[in-house]
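> fold the following.
(chains A and B)
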Amino acid sequence: MGDDQFKLPPGFRFDPTDEELVVHFLQRKAALLPFHPDVIPDLHLYPYDPWELDGKALREGNKWYFYSRRTQNRVTSNGYWKALGVEEPVITRSSCNSTHKVGMKRYLAFYVGEAPNSGIKTNWIMHEYRLSPLSAGDGASSSSSSSTTTRSSKRRGHLKTVNNEFSEYVLCRVYERDEDDDDDDDGTVLSCLDEVFLSLDDLDEISLPI
Amino acid sequence: MAPENMSISVNGQSQVPPGFRFHPTEEELLQYYLKKKVSNQSIDLDVIRDVDLNKLEPWDIQEKCKIGTTPQNDWYFFSHKDKKYPTGTRTNRATAAGFWKATGRDKVISSNCRRIGMRKTLVFYKGRAPHGQKSDWIMHEYRLDDNNTSNCITNVPMIVGEAAQEEGWVVCRIFKKKNLHKISSGSTIMSTTTSSMTTETRSAQSLFDSCPEGALEQMLQYIGRTCKEEENEGNNMSTRFNLQSINTGINNHNGYHERFLKLPSLDSPNSTSSQDCYQPNIHEEMMGAENNIDEDFQHQMDSGLTNWAALDRFVASQLNGQAETSRQLACFSDPYDCNDDNHELQLPTTLRSISSSSSNKSYHATQDYNNGEINLWSFARQSSSLSSSDALCHVSNGSI
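Numbering: from 1, shown residues only, chains lettered A, B, ... in the order given. The predicted model follows:
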């Protein structure tokens, strides 16, 4: 399954948006469409502890990605994932500039110990993406606008049935939250030194050797 | 080195698979891309294109340097640097709508303790120099180090690299600056929109707190250098000072008060005696400078003018009639507070003033000196003796 030929030039990183995760990865997965390249593994049958994911899930930086299925209690060998109670919709923008909900994203924290109440909370966080029930059906066909025009229109009827069966797919992103400063910026925030220099430039032209 | 078959062909077009973004490290930019470019090797996937910086505005570059269809926050391109004038060493970075202006100091990029290149930061200004209007567009320009033979970073003189590198290929990254500052506590604040000085200084303080070590030092060096330059071309007072604190540096400008006219008011209307006012002026200045363009600057300036006028008068009155004038760094309290001895120590705004050693109670420095107790506040302490090792700044009177 693994596409070993797949290799991008230096500098490319897997850094998907929520929308991409749902539209490109989850919808296609649920529709049983092939992936090229197939980068995200399905770990449904393996309830790994988060620290065991390395080498099994797709890793980029300090984040791991894998498919699983919806479940009420996500239990691993040494603990369990517990929802943090936060859910947010994943929105896609179609070509005609209208937006619609394609999925949901929810946040879970990992607890070490026995479910449901005797665990100790850790810094491990999971983002779990699922298709929203409405979009599961027409989502695959409406995604035709982007990439798979001819193919999906041919298969539309087929897809709908498949979707009902596989809409339990979820996509998980797991990472360990840093105590000090998680969520590194994307490079568009200047270092504070640069900020200072920038501000100094505003003072009456301080002449700089250029 | 790199495998040949790297590009992913979809419909005969090179395309990046969904979810992948071009986020090269500085090392990758220099060691892989720029090196290949310079040595004329082909790069399989055409991710970094050539751009004539003089022909394209930042927003055009954004169009031209798109990678795939996914949204991007930064854009990469190669640019060939040309000299501005045949004889000079400066680079021409003007476009039809504006120009790129270098800011700060070039940063050394190193990999495994080896210096591999330099990064210059530039800001795009709309209009023509020197009246351009600063925009949010920032460019990082990376160039390879000439002397790749030198093995360790240590102290390779910068001049060598810089002079030699005014022409040739560079790889650039442009992005729009975000005004959000992440504070260590995890909260995010807008640094530019706070109008109350108290908040402003506080956020500035946080900014400084979160500065990595070394950054401050670099900044001080920079400020020191700038000051020295101005000093030399300034008037005949030669002032020697040890730069150990921001305030001493930035405040030691000749004619600095003129500059201050552009800055927010010194005193904060509602926090005269609060601890929050114990912020060096440079803090407000740095943050406040960003405010210069927006409307509340005008407001602040209006309210500030009276103070500055008062200050001017005050300084003048001090200067007149002092036979031996020794220049000192002094904390100068808010003029309105000067009348009240009790408040003196409560509001030292870091304004350097040319003071005399003949005592005047409204000068903290002097009072401080008289008490023999140098404990005002950690930043702008002044000491009368150069030998005092813990004094943060010295200004000795050279030749007057």
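> which strand residues bridge the nearest residue to A:Leu58 once chain neighbours are set aside?
Distance criterion C-beta to C-beta, 6 or more residues apart in numbering or on different chains; nearest residue to A:Leu58, sequence neighbours excluded, is A:Tyr65 at 4.3 Å. Every residue, glycine included, has its C-beta placed from N, CA and C. Listed by DSSP bridges, the beta-bridge partners for A:Tyr65 are A:Leu58, A:Arg173.
> residues touching A:Tyr65, list them.
A:14, A:39-40, A:57-59, A:171-174 (C-beta atoms under 8 Å, 6 or more residues apart in numbering or on different chains).
> just the CA atoms of stretch A:83-103, as CSV, please.
The C-alpha trace of stretch A:83-103 is given here as CSV (Å, rounded to 0.1, in the frame of the first residue of the first chain):
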residue,chain,number,x,y,z
ALA,A,83,-13.2,14.4,24.8
LEU,A,84,-12.5,17.9,26.0
GLY,A,85,-16.0,19.0,25.1
VAL,A,86,-15.0,21.3,22.3
GLU,A,87,-16.2,20.7,18.8
GLU,A,88,-16.0,22.9,15.8
PRO,A,89,-17.2,22.5,12.3
VAL,A,90,-14.9,22.2,9.4
ILE,A,91,-16.0,24.4,6.6
THR,A,92,-15.2,24.2,2.9
ARG,A,93,-15.5,26.9,0.3
SER,A,94,-16.8,25.8,-3.0
SER,A,95,-16.1,27.4,-6.3
CYS,A,96,-19.1,29.7,-6.2
ASN,A,97,-17.8,31.1,-3.0
SER,A,98,-20.4,29.6,-0.9
THR,A,99,-19.4,27.7,2.2
HIS,A,100,-20.7,24.6,3.7
LYS,A,101,-19.9,22.3,6.5
VAL,A,102,-18.1,19.2,5.6
GLY,A,103,-17.1,17.8,8.9
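> what is the neighbour count of the residue nearest to B:Ser111 when sequence neighbours are not counted?
Distances taken as C-beta to C-beta, 6+ apart place B:Glu27 nearest to B:Ser111, at 4.7 Å, with adjacent residues excluded. Residues lying near B:Glu27 (other C-beta atoms under 10 Å in any protein chain shown) number 16.
> in what helix or strand does B:Glu27 lie?
According to DSSP states H and E, B:Glu27 maps onto helix B:26-27.
> what comes into contact with the helix or strand just after that helix?
With elements assigned by DSSP H and E, the helix or strand that comes after helix B:26-27 is helix B:35-38. Here helix B:35-38 makes contact (C-beta under 8 Å, 6+ apart) with B:42-43, B:48, B:78, B:144, B:168-169, B:171.
> rerun at 7 Å
B:43, B:78, B:144, B:169 (C-beta atoms under 7 Å, 6 or more residues apart in numbering or on different chains).
> against chain A, how distant is the residue nearest to the first one when sequence neighbours are not counted?
Sequence neighbours aside, B:Lys36 is the residue nearest to B:Ile43 in space, at 5.4 Å (criterion: C-beta to C-beta, 6+ apart). If you measure B:Lys36 against chain A using C-beta to the nearest C-beta, to the nearest Å, the figure is 10 Å.
> local confidence estimate at B:Lys36?
As summarised for this prediction, B:Lys36 has a pLDDT of 89.
> how many residues are close by it?
For B:Lys36, using other C-beta under 10 Å, the count is 16.
> give me the low-pLDDT residue ranges for the stretch 101-250 of chain B?
The model of the stretch 101-250 of chain B has pLDDT under 70 over residues B:146-166, B:179-250.
> and with 90 instead?
When residues are selected by pLDDT under 90, those of the stretch 101-250 of chain B lie in B:103-107, B:110-114, B:128-132, B:145-168, B:177-250.
> show me what residue of it gets nearest to chain A.
Nearest residue of the stretch 101-250 of chain B to chain A, counting by C-beta to the nearest C-beta: B:Gly104, 3.3 Å away.
> wait, what's in contact with that residue?
Going by C-beta under 7 Å, 6+ apart, B:Gly104 touches A:193-194, A:197, B:121.
> buried stuff in the helix or strand it falls within?
Per DSSP H and E: B:Gly104 is located in strand B:98-111. Buried residues in strand B:98-111, defined by neighbour count with 16 or more other C-beta atoms under 10 Å in any protein chain shown: B:98-107, B:109-110.
> likewise stretch A:105-116?
The neighbour-count check on stretch A:105-116 (16+ other C-beta under 10 Å) flags A:105-106, A:108-112 as buried.
> what pLDDT is listed against A:Asp42?
Here, the pLDDT recorded for A:Asp42 equals 90.
> how near is A:Arg106 to B:Tyr32?
39 Å (C-beta to C-beta, to the nearest Å).
> over to A:Ser199?
A:Ser199 is 34 Å from B:Tyr32, by C-beta to C-beta.
> the residue nearest to B:Ser111 against B:Asn112, yeah?
No - applying C-beta atoms under 7 Å as the test, B:Glu27 and B:Asn112 come out as separate, 9.0 Å apart.
> beta-bridge partners for A:Ala109, please?
A:Lys82, A:Ile125.
> for the buried residues of stretch A:105-116, which one is nearest chain B?
A:Lys105 (15.3 Å).
> which ones are touching the closest one?
Contacts of A:Lys105 by C-beta under 7 Å, 6+ apart are A:18, A:87-88, A:90, A:127, A:129.
> repeat that for B:Asp50.
Contact analysis of B:Asp50 by C-beta under 7 Å, 6+ apart lists B:77-78.
> cool, A:Ala115 as well?
When contacts are counted by C-beta under 7 Å, 6+ apart, A:Ala115 touches A:73, A:75, A:80.
> for it, which three-state class applies?
Using DSSP: H, G, I helix; E, B strand; the rest coil, the three-state assignment for A:Ala115 comes out as coil.
> once you drop chain neighbours, what's closest to it?
The shortest distance from A:Ala115 to any non-neighbouring residue, by C-beta to C-beta, 6+ apart, is to A:Tyr80 (4.0 Å).
> ok, that neighbour - contacts?
Shown in contact with A:Tyr80 (C-beta under 7 Å, 6+ apart): A:73-74, A:111, A:115, A:119.
> first to last residue in stretch B:34-42, what's the distance?
Between the opening and closing residues of stretch B:34-42 there is a gap of 11 Å (C-alpha to C-alpha, to the nearest Å).
> let me fix that: stretch B:126-136
Start-to-end, stretch B:126-136 (C-alpha to C-alpha) is 10 Å.
> what does it contact?
Outside stretch B:126-136, the residues that touch it by C-beta under 7 Å, 6+ apart are A:205, B:97-99, B:123-125, B:176-177.
> list the contacts of A:Arg74.
A:80-81.
> and the closest residue to A:Leu53 other than its chain neighbours, how far from chain B?
Of all residues not flanking A:Leu53 in the chain, A:Trp64 sits nearest, at 4.3 Å (C-beta to C-beta, 6+ apart). Per C-beta to the nearest C-beta, A:Trp64 is found 14 Å from chain B.
> rewinding a little: just the C-alpha atoms of the strand holding B:Gly104, please, in PDB.
Taking Å, rounded to 0.1, in the frame of the first residue of the first chain, the C-alpha atoms of strand B:98-111 are listed here in PDB:
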ATOM      1  CA  GLY B  98       7.500  51.400  -3.700                       C
ATOM      2  CA  PHE B  99      10.800  50.000  -2.500                       C
ATOM      3  CA  TRP B 100      12.300  47.400  -0.200                       C
ATOM      4  CA  LYS B 101      14.300  48.800   2.700                       C
ATOM      5  CA  ALA B 102      16.600  46.800   4.800                       C
ATOM      6  CA  THR B 103      16.100  46.800   8.500                       C
ATOM      7  CA  GLY B 104      18.100  45.600  11.400                       C
ATOM      8  CA  ARG B 105      21.200  43.600  11.100                       C
ATOM      9  CA  ASP B 106      21.900  40.600   9.000                       C
ATOM     10  CA  LYS B 107      21.600  37.400  10.700                       C
ATOM     11  CA  VAL B 108      24.100  34.600  10.400                       C
ATOM     12  CA  ILE B 109      22.600  31.300   9.300                       C
ATOM     13  CA  SER B 110      24.600  28.300  10.400                       C
ATOM     14  CA  SER B 111      24.300  24.600  10.100                       C
END
